[in-house]
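[1] Sequence and predicted structure below; questions after.
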Amino acid sequence: MAVRVQTEPFDAGRLLGDFSAGRLEAGGIVSFTGIARDATGGSAVTLLELDAYPGFTEPAIEAMEADARARFGVQDLLVVHRHGPIRPGEAIVFVAAAAEHRRAAFDAVDFLMDRLKTEAPFWKKERGPDGDRWIEPRAPDYQDMERWSRAFSDEVEPAASSDTAPKDMSR
Amino acid sequence: MKMSKVVLLGRLRDIAGWRERALDPPPATLAALRDLLSSEDPVLGEALAGRGVQAAVNKALARGDVALQPGDEIAFLPPMSGG
């Protein structure tokens, strides 16, 4: 179980290097790095502030990590998530998975990111020239998460979201 | 008597102008705590009653009203932003 919630900046390349080192049993390693954008929907962002609740945020993410591990049968997972003030261009989140075959690693990272984007106990504020904005998950974030309940549910979900919004490729 | 602590997260922190405060003595229940905070700061009280605002006692989400013990840490959590 490897989940780190920290205020310190991190180097995603180094995290991936350390995570990958000496994994003779892994057939594939997938990683994702989420970066703070300098604009959202055309509005400039000069600083992102993530509020975490220490002692509450970590266990919630650990539960997501354990869930992903169990669902996809990956060999190892790493989640590093920052909180506090984050400048544009800095990494916010890093997720890596090691698995015997690539599909499990891709899926575990994809799933964990969707869970983090909709359910992780963070409160996010964007600072820009026009002041501060508190951010909540966007509709596409929930649609991304719903893919997994469809994939894992025995029941047929109502086709509510056929008008799927374009996927935000940035994070 | 051990003091209790109230923690505000996210936008509640901005509304109240504080993030953490001690309570001595703590109110007997979560509802009484909401009433106390609301009587001191009606704007915060309204925000605490807002949609999707959850309470946690000792870092576990509380459903409905619960009794509070001295030393408890009570947090009010607005809807989460996600990571």
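    Now that the structure is in, tell me what you want to look at. Numbering: from 1, shown residues only, chains lettered A, B, ... in the order given.
[2] is it true that residue A:126 lies in a helix?
    No - Residue A:126: not assigned to a helix; according to DSSP: H, G, I helix; E, B strand; the rest coil it is strand.
[3] Let's see the pLDDT reported for it.
    Looking at residue A:126, its pLDDT is 93.
[4] repeat for residue A:42
    84.
[5] Next one: it from chain B, what distance?
    Residue A:42 sits 20 Å away from chain B when distances are taken as C-beta to the nearest C-beta, to the nearest Å. C-beta coordinates here come from the backbone N, C-alpha and C atoms, glycine included.
[6] And for that residue, the neighbour number?
    5 (other C-beta atoms under 10 Å in any protein chain shown).
[7] Kindly report the same for residue A:79.
    If we define neighbours as other C-beta under 10 Å, then residue A:79 has 27 of them.
[8] How about the residue in chain B that chain A sits nearest to: what's its closest non-neighbour residue?
    Using C-beta to the nearest C-beta, the single residue of chain B nearest to chain A is residue B:10, 2.9 Å away. Take residue B:10 and drop its neighbours on the chain: the residue closest to it by C-beta to C-beta, 6 or more residues apart in numbering or on different chains is residue A:123, 2.9 Å away.
[9] who touches the one you found in this structure?
    If a contact means C-beta atoms under 8 Å, 6 or more residues apart in numbering or on different chains, then residue A:123 has A:50-51, A:134, B:9-11, B:77-78, B:80-81 as its contacts.
[10] Reformat these into CSV and put distance to residue B:38 and pLDDT next to each item.
    Listed next are these as CSV, based on distance: C-beta to C-beta, whole Å; pLDDT from 0 to 100:
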residue, distance to residue B:38, pLDDT
A:50, 28, 95
A:51, 22, 94
A:134, 21, 89
B:9, 18, 96
B:10, 18, 93
B:11, 16, 93
B:77, 17, 96
B:78, 16, 93
B:80, 23, 88
B:81, 25, 83
